[in-house]
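**Student:** Compute the structure for the input listed below.
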Amino acid sequence: MKTTQKLYEGKAKILYATEDPQVLVSYFKDDATAFNAQKRGTIADKGRINCAISTHLFQVLEDKGIATHWIDSPSEREMRVKAVKILPLEVVVRNIAAGSLCRDTGIDLGTLLESSLVEFYYKNDDLGDPLLTRDRLLLLNLATPEQLTQLTQLAQQVNHILKDFFQQCGITLVDFKLEFGLDPQQTLLLADEISPDTCRLWNQSETDASRRVMDKDRFRQDLGNVETAYQTVLDRVVAQSAKI
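**Tutor:** Okay, the predicted model is just below:
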């Protein structure tokens, strides 16, 4: 299916229209950003790796009954997806304290949370993607109360599936962000991507706080070996997918 025009270019992907208005093509770039794009760079081959990881994980989730926008991946850097209206929300699920949760609360890095935490952030670069309370979210009409309930339930279901899958890969799923969109029938579909760009992943065979990092924190914190970490995640995901 041929692309017809560029619809949108974000920090990590370019979205193209196709001859079918219900189908789009998402092209994965090697560009890397952090701290609301204050830090910019390139991670060699990131687009190919993240497209492949996302493809495998969307298939895992689809097999478990989670509806996603994924259709197929016609090339190493391209994903055909269903056209959806993206909700301006980042749905973050946390299993272990890290990142902003530690900065905002003083909880020690690596603290296991008694139950997973689901948070909502406003996708607005000008405002710095702020954390929203439920009342503020409803005040801004970013989602309906029913959608909020469904988003929370879906996020918990995705977390349960991905935690188990990554566990089998020898990887700890610390936290991750999800995006959802509405199809023409107003059905919520999991969208965007699931990759080391959007997940915090720790290698279970490493105890050192720096060496265990397998995600974009290696880029954020200048830890080095970013490409190697991403490729290792892909290798383990592919190997585990082959066992299913």
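**Student:** Next one, pLDDT for residue 1 please.
**Tutor:** For residue 1, the pLDDT comes out at 59.
**Student:** which regions of the protein sit below the pLDDT cut-off?
**Tutor:** Across the chain, the ranges flagged by pLDDT under 70 are 1-3.
**Student:** just the strands in it please.
**Tutor:** Remark: strands assigned in the chain by DSSP state E are 3-9, 13-18, 23-28, 31-34, 39-42, 70-75, 78-82, 85-86, 89-96, 112-122, 131-132, 171-182, 188-191, 199-203.
**Student:** how much space between the residue nearest to residue 124 when sequence neighbours are not counted and residue 142?
**Tutor:** In space, and not counting its chain neighbours, residue 124 is closest to residue 88: 6.9 Å by C-beta to C-beta, 6 or more residues apart in numbering. Every C-beta, even on glycine, is put in place using the N, C-alpha and C of the backbone. To residue 142, residue 88 is 6 Å away according to C-beta to C-beta, to the nearest Å.
**Student:** which residues do those two both contact?
**Tutor:** residue 122 (C-beta atoms under 8 Å, 6 or more residues apart in numbering).
**Student:** contacting residues for the closest residue to residue 27 other than its chain neighbours?
**Tutor:** The shortest distance from residue 27 to any non-neighbouring residue, by C-beta to C-beta, 6+ apart, is to residue 14 (4.4 Å). Contact analysis of residue 14 by C-beta under 8 Å, 6+ apart lists 6, 8, 26, 27, 29.
**Student:** out of those residues, who's nearest residue 80?
**Tutor:** Of all those, residue 26 has the smallest distance to residue 80: 7.9 Å, by C-beta to C-beta.
**Student:** mind checking how far the residue nearest to residue 6 when sequence neighbours are not counted is from residue 196?
**Tutor:** What sits nearest to residue 6 in space, not counting adjacent residues and going by C-beta to C-beta, 6+ apart, is residue 16, at 5.7 Å. Look at residue 16 and residue 196: by C-beta to C-beta, they are 24 Å apart.
**Student:** Comparing these two, which residue is more hemmed in?
**Tutor:** Counted by other C-beta atoms under 10 Å, residue 16 and residue 196 do not tie: residue 196 has more neighbours, with 27 against 18.
**Student:** OK, contacts around the residue nearest to that one when sequence neighbours are not counted?
**Tutor:** The shortest distance from residue 196 to any non-neighbouring residue, by C-beta to C-beta, 6+ apart, is to residue 215 (4.1 Å). Taking C-beta under 8 Å, 6+ apart as the criterion, residue 215 is in contact with 196, 197, 199, 200, 201, 229, 233.
**Student:** could you redo the strands of the chain as TSV and give each row distance to residue 146?
**Tutor:** Listed next are the strands of the chain as TSV, based on distance: least, C-beta to C-beta, whole Å:
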stretch	distance to residue 146
strand 3-9	27
strand 13-18	27
strand 23-28	26
strand 31-34	33
strand 39-42	38
strand 70-75	24
strand 78-82	21
strand 85-86	16
strand 89-96	14
strand 112-122	15
strand 131-132	17
strand 171-182	12
strand 188-191	10
strand 199-203	27
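**Student:** quick one, which of the ones you listed is nearest to residue 103?
**Tutor:** From the strands of the chain, taking C-beta to C-beta, the stretch that ends up closest is strand 131-132, at 11.5 Å.
**Student:** list the helices and strands that closest one packs on?
**Tutor:** Secondary-structure packing of strand 131-132 (3 or more C-beta pairs under 8 Å, 6 or more residues apart in numbering; DSSP states H and E): strand 112-122.
**Student:** The strand it packs on vs strand 89-96, what angle?
**Tutor:** Between strand 112-122 and strand 89-96, the angle comes out at 170 degrees (axes from the mean of the first three to the mean of the last three C-alpha atoms, to 10 degrees).
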